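A.B. asks: I would like the atomic coordinates for the input below:
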Amino acid sequence: MPIYLAWVVKFMTELEDCLNAVERIVEYTELDHEDLFEESDDDFEDINEFDLKFEKLSLSHGDILRPVVHNVNFQIPQGQRVALVGRSGSGKSTIINSLSGMSRIVQGDIKIGNISLSSVSILNLRKIIKTVPQDVHVFGGTIKDILDPNKEYEIQDIKRVLDDLEIKDQDLDSEVESFGDNLSMALKQELVIAHAILSRPKVLVMDEATSAIEDDRLMIAKLFKICKNLNITLISVVHRLSNITSYDRVLVIGDGRVLEDGKPLELLKKPMGFFSSLYRNSI
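C.D. replies: Got it, this is the predicted structure:
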């Protein structure tokens, strides 16, 4: 009996473990669908300046109404390179996720130009705002499929972006295994960044998207040059503060609020400031 009972417990545990995956899939099927193809009356072609405005913005996660970001109020001019810094759980990712509709707006508004993002369809919104996460994923196919999944661009345009980012020796027809298992994480990050640049967004959001790239300083320098030439606003969540001084502006986030806002070198001059403290602890 003790022997058979041990096997019963083992099989029941394995069965429960396997059914967890089924339970998650069922939950995913019951989630509300994004209305990607909802019509929008707003036309971004009439906007000359794509300034981002966060107006007394409070955010929460999902259906939870309790705000985790409180009364955030700042403006980012088009073409500015902004770094968001702060400790883990400070609210950095929640703020940038609000740009793609992934965070719930409890109060306030986000505007690009004079248009509220809440009035723009998700499909149109994600054409002008591209987000590159730290943990990137790619599907099987070819390198060209990763860069241009919808067959929208000419080969010369794709090669130009690869050259600008100095992603060399990449055969566009080379096969990529499912989930990119035959690619390094650094190469996957580079390809996803190239895909985002190829669509020429108005705003590029980077959530520590160069963490696996060996010489990320060089990659960031190339990104700065591309964004300047294309007048793209760059917003980066930065954990490595070694190259933070090259940004135009730093927003220090803590407890869901903006604690400091200014040029990095000016903030470093404040010996008791939040940013200078983070910087000293990182070096």
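
A.B. asks: count of residues packed around the nearest residue to H239 once chain neighbours are set aside?
C.D. replies: The shortest distance from H239 to any non-neighbouring residue, by CB to CB, 6 or more residues apart in numbering, is to E208 (5.4 Å). C-beta: built from backbone N, CA, C; applies to glycine. The local packing count at E208 equals 19, with neighbours defined by other CB atoms under 10 Å.

A.B. asks: how close does E208 sit to A83?
C.D. replies: Distance, E208 to A83, using CB to CB, to the nearest Å: 11 Å.

A.B. asks: check G273 too.
C.D. replies: Taking CB to CB, one finds G273 at 15 Å from A83.

A.B. asks: which one's more surrounded, these two?
C.D. replies: A83 (24 against 17).

A.B. asks: give me the neighbour count for E190.
C.D. replies: With other CB under 10 Å as criterion, E190 counts 23.

A.B. asks: part of a strand, is it?
C.D. replies: No - checked against DSSP: H, G, I helix; E, B strand; the rest coil, E190 lies outside a strand; its state is helix.

A.B. asks: contacts for stretch 100-107?
C.D. replies: With contacts defined as CB atoms under 8 Å, 6 or more residues apart in numbering, stretch 100-107 is touched by 34, 56-65, 67, 69, 71, 94-95, 97-98, 117-118, 122, 125-126, 129, 131, 205.

A.B. asks: thinking again about what came up before, which residues touch the residue nearest to H239?
C.D. replies: 134, 236-240.

A.B. asks: 6 Å instead, please
C.D. replies: 134, 237, 239 (CB atoms under 6 Å, 6 or more residues apart in numbering).

A.B. asks: can you give me the strands in the stretch 1-150 of the chain?
C.D. replies: Taking DSSP state E, counting those that start in this stretch, the strands of the stretch 1-150 of the chain run over residues 52-60, 69-76, 81-85, 104-112, 115-116, 129-132, 141-142.

A.B. asks: please apply the same query to the stretch 151-283 of the chain.
C.D. replies: 175-176, 203-207, 233-237, 249-254, 257-262.

A.B. asks: of these, which approaches V26 most closely?
C.D. replies: Proximity to V26, assessed across the strands of the stretch 151-283 of the chain by CB to CB, is greatest for strand 203-207 (29.1 Å).

A.B. asks: so which elements touch the closest one?
C.D. replies: strand 129-132, strand 233-237 (3 or more CB pairs under 6 Å, 6 or more residues apart in numbering; DSSP states H and E).

A.B. asks: ok, D148 to L162 distance?
C.D. replies: 12 Å.

A.B. asks: same deal with E27?
C.D. replies: 39 Å.

A.B. asks: can you check K53 too?
C.D. replies: 34 Å.

A.B. asks: of those two, give the one with the bigger neighbour count.
C.D. replies: Comparing K53 with L162 by other CB under 10 Å, the one with more neighbours is L162, at 21 against 17.

A.B. asks: per-residue pLDDT, the more buried one?
C.D. replies: Looking at L162, its pLDDT reads 92.

A.B. asks: repeat for I235
C.D. replies: As predicted, I235 sits at a pLDDT of 95.

A.B. asks: residues contacting it?
C.D. replies: 82, 205.

A.B. asks: try the one 10 residues further on
C.D. replies: Contact criterion CB under 6 Å, 6+ apart gives P264 as the residues in contact with T245.

A.B. asks: how much space between it and V26?
C.D. replies: Relative to V26, and taking CB to CB, T245 is found at 49 Å.

A.B. asks: go on, P133?
C.D. replies: Applying CB to CB, the value for P133 to V26 is 26 Å.

A.B. asks: burial of the closest residue to K270 other than its chain neighbours, as a residue count?
C.D. replies: Closest residue in space to K270, ignoring its immediate chain neighbours: S276 at 5.5 Å, by CB to CB, 6+ apart. Neighbour count of S276, defined by other CB under 10 Å: 17.

A.B. asks: same question for L204.
C.D. replies: Neighbour tally, L204, other CB under 10 Å: 25.

A.B. asks: can you check S282 too?
C.D. replies: Residues near S282, counting by other CB under 10 Å, number 13.
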